Structures are given as structure tokens and as C-alpha cells.
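[1] Quick one, what's the 3D model for this:
(chains A and B)
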Amino acid sequence: MGKSSLGRWVVAAAAVTFGALAVVLNALAGSHGEPAWQWVLAGAAVLASSGVGLLVAIRRPGHPIGWLLLANAFLLTTIGFAQAYAAYALQEQPGALPGPEWAVLWDQSAWPLLFAVLIAIAFVFPDGRLPSPRWRRVAFGAAASFAAFLVLSFFDPEPFEAPYERVDRPLPGLPEMLGVLWPLALLGMVASLFAGAQAVRVRFRRARGIERLQLRWLAYTAVLVPATLIVCLAGTLAADGVEQKDVFNALFFFMLGAIPTSVGVAVLRYRLYAIDRVINRTLVYGVLTLLLAGAYAATTLVLGTALGSGSAWPTAAATLLVSVAFRPLRVRVQDAVDRRFNRARYEARRQIVRFLDDLRAGRAAPEAVEPLLREVLSDPRLELRFFLPESELYVDGHGYPAGHQPDDGRVRTPVTRAGLPLGMVLHSPIDENRPGLLDEVVEGAGLAIEIARLRVELRRQLDEVDASRARIVSAGYQERRRLERDLHDGAQQRLISIGLALRHAQHELAVSPEEASDSIDGAVTEIDVAIEELQELARGVRPAQLDAGLTPALRELAARAPLPVQVKANEERFPQEIEAAAYFIASEGLTNAVKHSEARQVTLSAERLNGKLTVSISDDGIGGASATRGSGLRGLADRAAAHGGKLAIESNPDCGTVLTAELPCV
Amino acid sequence: MRVVIAEDQVLLREGLARLFEDGGHEVVASLADAEHLLPTVAGHRPDLVVLDVRMPPSFTDEGARAAKQIKEQHPELGVLVLSQHIETAHAVELVTQGGFGYLLKNRVLDVGAFLAAAERVATGGSALDPQVVASLVSPGRAKEDPLAALSAREREVLELMAEGLTNAGIAKRLVLSERTVEAHVRSVLMKLSIPESGDAHRRVLAVLAHLTAAQIQY
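    Next up is the predicted model:
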């Protein structure tokens, strides 16, 4: 921990300690202390100021704002402490504590420093430097004014203000003639206040991007400074005098807490971009509150006059009016505020609302949301990617898999709805002067994006169904073609050659009957072979064993395999077409295992599980099977899908391949 | 007659060879595929090449393509294509060149007719399988079908003409006198407006051209 970092902890700790002591002393001072609510506000202001100051000092060491905030907290608590000390030591228990006159002096003379700190913040916010070198003179003038004012008030020959007018000043008074400096110093201080405002304005005008947002944050709470002054002035003019000090104090402490908070947000850039929304909401709800309160008051007044006081009707009517007016009024006010202060957002929202109306009325397709976003955000490079949870893929509007990690300088913003990922917006980096617009637009168009996503998903599934149907038809055609060729090239040719052999025998009969007999023998052998071929062919069309049930057919399949195959199945019967599908899946799976897996052992199993005939073919081979590689497994998947079932493939070198097909059977 | 055989099925190849030898012809070479057929034909200069439409490697139309090449390089050579099933397009296209035959494989069992057709092709005549012809002259093609004007007998004569038979051959097949056949032929040619020609082969061409044109037209 370096020297300066120790320093900021010491200052923060001192501020909090003084604050705590002030609270204790104030409590001890009893009726002479300030009311509790003021201490709560002041405490909040101190904690905000010291906490944010400490945070900024830690995160941005060397940044003067952190120190200024800590100084603000320190001043606040020491003044509060001095106030409570004086109240206790001079009013509640006179003589109980030493040096109360110093406390009075600090309490009554140090307050300009609080403004000095705020002005200093305005001068160096947000980068810690003055707006330009020329401002050094302004800063010097401000410092001189405050210094002069402090010296004048510390060494003032006049007595303390009430209620301590009879306490002796601990410091000697300056000569009377220096009293002419009072107005000068005061003028200098007021001028510094305006200079602070001007510094912020100058910066805001030339600021871009993040700095502009930072200044907006400061401006948002800095409005409280003139507001406080105006309220104070109004209170003085109203001359009621009873509660104006309380109102002033409340506003003052609120300001002292709010400004450090917004300064901290700006410097630390935490939720920097929310400022527009915050300002927007404040404006909307401020105006709304004023309007509703006005309407309530007017209604109550008018009806109260008409109906006479004491009637419950005016209140009821005013309440009804206010509650009925709230919603439409909010929309109007929001619109007005948007139109005045945030044209882009206003236009964007209108376009999206119109689009959603068109969508509902069937005049627009949900897919048009992509061009809409492009237009609203004036970003021609913007693209939407939809997330398909089933395949965990990102696809474009046509359903084709597409990259969602652009390498062309575009940025991705995820789109979610109810916590589920919908997709991704790929867009050019956000214009820093229009922050938050994208989020808002995407949120507004969320429904359309979700519908578009669902449609893309549906289209993909339909495409897959189409493709699978085409593959089934094609597989059927290939199968018939194979059969046709087997019949023509196999059986038919064999029969023709038998015929030829018999013709030859006929020819030989005349020459040598023995040779003719041999030829006929040959022909008969050929007939045997032809019969076997036909049997094999028929088995390929549909194995006769299936008549006896799936299990015997699987046993037959196992018996003809060139490696040990274990069959696990009971004698249960299933619908014919389901048994046939199961048999072919088992047969094809077994063929694959024999051909590709280098397995030593295969297990075929077929059983009913949860209303489905579950067929599995597992081997102890080298794995590496997948439906995307090779059309055989895809064909099986299609066959399973044709019966409303599905095929799962689990394949790795450690435990071989397991094909599992689930075929629903009621 | 010197014959070259190209047939991938060994039993059938041997059967065919024996058939020709039993019929007193000489089989100078027999091959299992169409690949070496052209050099073999060029070397042996046979009178007739008998080949299977479907042969390795792709089992689609290797034989038909080889037949075309042979006819291009040796127009005088007789080429007899054997097929497992009817493919009208190939058959008609090739048979109109003359010295060409297209028969279903099972025709070989009718040894006499088969050898006669083979001899006809070897001497520049044609042999079109009756099934192909039947598909060309099948009735009910169109209202104004000129074939509708033919009598049953005339239609039989037409089909045999299309198969490539001569008047004598037709007379023998239908057990009629040659004169009767000649009368039928004249009547058929007249009804179909085909100019008469003494040459049996040219007559086949005309008939086929008429039939295929009709088939394309309707």
C-alpha cells in the first residue's frame, strides 16, 4: 500500500469518524441539536461522497476527482461535527468540552469550501485537467476569491451569528477597512460558480462519445445546484421563514449526495450508458407528477368550491381523474419528451410499433425485422442470427448455418427473451452518441425476432422432412433398381444359360447321348444355384423368417453373420411394418459393424421400452460412426423417422459403436 | 460366319459360343467386357459381333455405346445387341442403320429363329425384337392412327416386316404363300403411303421411320 493510497484511506476514515462523532454529539446535544432527518440526509451525502471518493481514488489513482470527493466528505463531516460539538459544549452542557469557540468558528466559516470543492469538480471533470490552459487563470481567480472569503470570515471582527453571538471569537479581527473586500470576494465566488457551469458547457460542446455521456451524468445532478438556489431564493422571498431553512438543508444535502454519486458513475464508467434513460425517465415522471398533481389540485378546488367543503366527492373525483389519466398521459409525455430530446429513439420506436402492427395485421412478414433493424439503426451491415436450441446452431434468415463471430469489425449483441437466447445481432460498433438505442430497438422488436426465429426453425425442420422423404424415395428407387438388376443379370441370365445348355444337350443327343447327359446334369446344377439366388433375393425383399417374428429373424441374421452375434430379444410380436423396419435396421447395422468396425463381437437386442420397440446394435469395435458420414446410417435414420421413431448413434474408440433405434408401437 | 461375342456372364457367354458352334459357325473371340471389343473386332474382322447391352463396369449402356462405335468404324459389319429388357430408344436408333439387330436375350432359346436373325444381320439385314415392334405398333395411340386402317393380317405382316423379315421369311412364319404375302405388303405400304421398294432392308427402314415418326408425333 503506497503513501497516497494510505492517505485516501486515512481521509475517508477521518471523514467517517468525524461523522460518527457528530452523530453522537448531536444526540447528546438533545433539543439543541439538528433534527434527525437532517442527519440521515447528511449521513447519506457523506457516505456517498466518501465511498465514491474512495472508489475513484482506488480505481483511478492520481485522478483529482477522487481526492475532491474525499475532501467534500471530510468537509461535510467536520462541519457537522463542529456544529454538534458547539451545540453540546455551549448549549446542552456548557463547559463540558474544551475549545467550543473553534467549533463555532469552523461551523460558521468553512461552508464556502463545500462550494469550492463542487466548483473544482466542475473545472476538472471528467479527465482531471482544466478544459484548456487559459482556464488556469480562471481557476486561480476562483481560488483567490474563496481564499479571501475564508480569511475574511475567519478573521471577521463581527460577533458570531445566532445563537452564539456572545461567544468570543478565538482569532483576532481584521481592521474594519478591509470590510470593503467582502463584496469583492463574494462576487468572485458567484463568478466562480458561473465559471464552473461554463466549464461544463464548454466541455460538453466539444465532447464526443464517452466524455459526452460523462458530462451528461454530471449535468444531470448539477441541475440541483441552481434548483437549490432558486428554491432557497423563493423561500426567502416568500418570507414565511419557518421551514425554509429545513427545505434548503434537505435540498442541499441531497445535492451533496447526488453530485458525488453521478460524478463517480461518470468517472468509473459504471452504467455510463444508462444516463439517457435516467434523464428521460426523470423528465417523464417529473412532468407527469406535476401534471397529475396540478390536475388533482384543480379538480379538488373546483369541485370543492362547487359542492362545498366537507364533501367526499371532490377527492374521489380527483383520484378517479388522476388514475384514469395516468396511462394515456404517461404515453403522451413520454412521446413528447422523446420527440424533444431523443429524436432517434422516438423515430425508432414509432417504426417498430408500426411494424408490429403490420405484423399483427398480416401486412408484414416477421422476417422483415432484419431490414427494419438495419433501417432503424442506420446500419446496412447489420445482420440477425437465429439460435436453434435443438442443433445449437446459429443460422441466418434463410435457415442456413452462418457465422456468429464476425471478423470484419462488427460487434455482436445477444438477443434474449425471457432469459432464453433467441439469437445474435451483428452490427457495426455503436455510435457513442446514440447509446442504448440498439438495446431498446432489439428489445422492442423482440417479439418479431422470436416469431422469425420460430419460422426459421420450422422451415429448417420442414426442409429436413422433405430431404428425408426424398432420401427415402430415392432409397426405395435404388432398392428397386438393385432388385431389377439382380433379377435381370442374375436369375434371368442363369435361366437363359440353362436354356442354352439344354439346347446344346438337344443338339448333342443326336451325336453322343453321354455328353448330352452331362450337359443336362450341368443344367440341373445351374437350376439349383438359380433357386438359391432367388431365395437370397427374396430375403433381401423381405425375409420369410419375419413371418415367425422378429426374434427368429434376428437369430437367423446372427447365424449367417461372419462373427459371433448375441441376440437379446423375447418372443413379443409387434406390428408387421415395425418388425420389418426393426429387422432392416438390425441387418444394416450388423452389416456396417462387420464391414467397418473391426469388432470381435456384436450384440443385437430388441425390446419394448416405454411403448417403443427399441432395437440396438452394439459392437466392441473402433467406433467412428456418424450419421453425417456415409449414407448408410442416414438411410437407417430416415427409415426410423418414417415410422415416427428416431435413431441414436453413439460411437467412440473406447466402447465401440451403439446404434439405437426407437420405433413407436402402440 | 465368323462371330465375336461380348458377354460378361460366363455361362451365357459359353452357351452362346456353343450355340453358334453347334449351328456351324466359328466363334473367333469371346470377351467379358466392352473395353477390348473394338481392337478385337479390328483384329479379327468378323462377320458378326454379338454383344450384351449391359456390361461392366457401370452396367448401364456400355454395350449399346460399343455397338454404335463399331458401326461407325465398320459400317459393313453386322452387330447384334442382346438385351435383358426392352429399350425402344436405343433399338430403333441403331436398327435404322442396317446390318444391325436388337433382340431380347431369351430369343436365343429359339435357336433356329435366332440364328436366322443373326445371319440376316451379318449380311446387312435387320432384326428387331418382336416386343419392340409390338410396342411401336401398339394400338390406341391416336384417333387418326393410320395403323387403324390395317386388317389383322396386314398388321401381322407389318410387324414381321418391321422385325426385318423378307417376304419369304414372312410367308414361312405365317404359313402363307409368298404371293399372298406380297399382296399384303403392297396393301400395307399403300395404306401407310410408304413407297414400294424391292430391298427388304430399305423397306424395314421405311416402316420403322413411319412407325417412330408416328409415335413421336402422337
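[2] wait, doesn't residue A:14 sit right on residue A:74?
    Yes - using C-beta atoms under 8 Å, residue A:14 is in contact with residue A:74, at 6.3 Å. Glycine gets a C-beta too; all of them are placed from N, C-alpha and C.
[3] The two: which is more packed in?
    residue A:74 (24 against 16; other C-beta atoms under 10 Å in any protein chain shown).
[4] Secondary structure element holding the more buried one?
    According to DSSP states H and E, residue A:74 maps onto helix A:64-86.
[5] Counting by contacts, list what that helix packs against.
    helix A:3-28, helix A:36-59, helix A:100-109, helix A:112-124, helix A:244-268 (3 or more C-beta pairs under 8 Å, 6 or more residues apart in numbering or on different chains; DSSP states H and E).
[6] List, one by one, the residues from chain B near chain A.
    Counting by C-beta under 8 Å from any C-beta of the partner chain, chain B comes close to chain A at B:9, B:11-12, B:14-16, B:18-19, B:22, B:54, B:59, B:84-85, B:105-106, B:108-109, B:111.
[7] Which ones among these lie within helices?
    Residues of these located in helices (DSSP state H): B:11, B:12, B:14, B:15, B:16, B:18, B:19, B:22, B:111.
[8] Neighbour-wise, give me the winner out of those.
    Per-residue neighbour counts (other C-beta under 10 Å) across these peak at residue B:16, which has 26 neighbours.
[9] pretty sure it is touching residue B:105, no?
    No - the pair residue B:16 / residue B:105 is not scored as a contact, 9.5 Å apart, by C-beta under 8 Å.
[10] Counting neighbours, what do you get for the residue in the stretch 451-600 of chain A that chain B sits nearest to?
    Nearest to chain B in the stretch 451-600 of chain A, going by C-beta to the nearest C-beta, is residue A:500, at a distance of 3.0 Å. Here the number of neighbours of residue A:500 (other C-beta under 10 Å) works out to 26.
[11] Tell me the secondary structure of it, please.
    With DSSP: H, G, I helix; E, B strand; the rest coil as the basis, residue A:500 sits in helix.
[12] pLDDT value on it, please?
    pLDDT, residue A:500: 89.
[13] dump the residue contacts of it.
    Going by C-beta atoms under 8 Å, 6 or more residues apart in numbering or on different chains, residue A:500 touches B:12, B:15, B:16, B:18, B:19, B:108, B:109.
[14] what about the helix holding residue A:74, average pLDDT?
    For helix A:64-86, the mean confidence score works out to 86.
[15] could you check the angle helix A:244-268 makes with that helix?
    Relative orientation of helix A:64-86 and helix A:244-268, computed by axes from the mean of the first three to the mean of the last three C-alpha atoms, to 10 degrees: 150 degrees.
[16] Show me the strands in the chain, by range?
    The chain I'm using is chain A. If DSSP state E is used as the criterion, the strands of chain A fall at A:383-388, A:393-395, A:411-417, A:420-427, A:565-569, A:602-609, A:612-619, A:646-652, A:656-664.
[17] Chain B is the one I meant
    Counting by DSSP E, the strands of chain B are B:2-6, B:26-31, B:48-52, B:78-83, B:100-104, B:126-128.
[18] Could you export these to TSV, including columns for mean neighbour count and mean pLDDT?
    Formatted as TSV, these follow (neighbours: other C-beta atoms under 10 Å in any protein chain shown; pLDDT from 0 to 100):
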stretch	mean neighbour count	mean pLDDT
strand B:2-6	24	94
strand B:26-31	17	93
strand B:48-52	26	92
strand B:78-83	25	90
strand B:100-104	25	89
strand B:126-128	27	85
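[19] Output those in JSON lines; the columns should cover distance to residue A:287.
    Output for these, formatted as JSON lines (distance: least, C-beta to C-beta, whole Å):
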{"stretch": "strand B:2-6", "distance to residue A:287": "98"}
{"stretch": "strand B:26-31", "distance to residue A:287": "100"}
{"stretch": "strand B:48-52", "distance to residue A:287": "95"}
{"stretch": "strand B:78-83", "distance to residue A:287": "93"}
{"stretch": "strand B:100-104", "distance to residue A:287": "96"}
{"stretch": "strand B:126-128", "distance to residue A:287": "98"}
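[20] Quick check: phi and psi on residue A:398?
    The phi/psi pair for residue A:398 (degrees, to the nearest 10) reads phi -90, psi 0.
[21] who touches it in this structure?
    residue A:456.
[22] Confirm for me that residue A:128 is in contact with residue A:66.
    No - taking contacts as C-beta under 8 Å, residue A:128 lies outside contact range of residue A:66: 9.2 Å.
[23] So between those two, which is more surrounded?
    When neighbours are counted by other C-beta under 10 Å, residue A:66 comes out ahead of the other of residue A:128 and residue A:66, with 27 against 15.
[24] Test my guess that that one contacts residue A:8.
    Yes - using C-beta under 8 Å, residue A:66 is in contact with residue A:8, at 6.7 Å.
[25] Find residues that contact each of the two.
    Here residue A:66 and residue A:8 share the contacting residues A:53, A:54, A:57, A:58, scored by C-beta under 8 Å, 6+ apart.
[26] Number of residues surrounding the second one?
    By other C-beta under 10 Å, the residues close to residue A:54 number 22.
[27] where does it sit relative to chain B, distance-wise?
    Here the criterion is C-beta to the nearest C-beta, to the nearest Å. By it, residue A:54 lies 84 Å from chain B.
[28] now the third one
    Distance of residue A:57 to chain B, computed by C-beta to the nearest C-beta: 84 Å.
[29] Break the chain down into its domains, please.
    By default, I'm working from chain A. As assigned by automatic domain parsing, chain A contains the domains A:3-270, A:287-337, A:344-459, A:463-540, A:545-664.
[30] oops, chain B please
    When chain B is parsed with automatic domain parsing, its domains come out as B:2-128, B:134-217.
[31] Right, I'll call it a day here.
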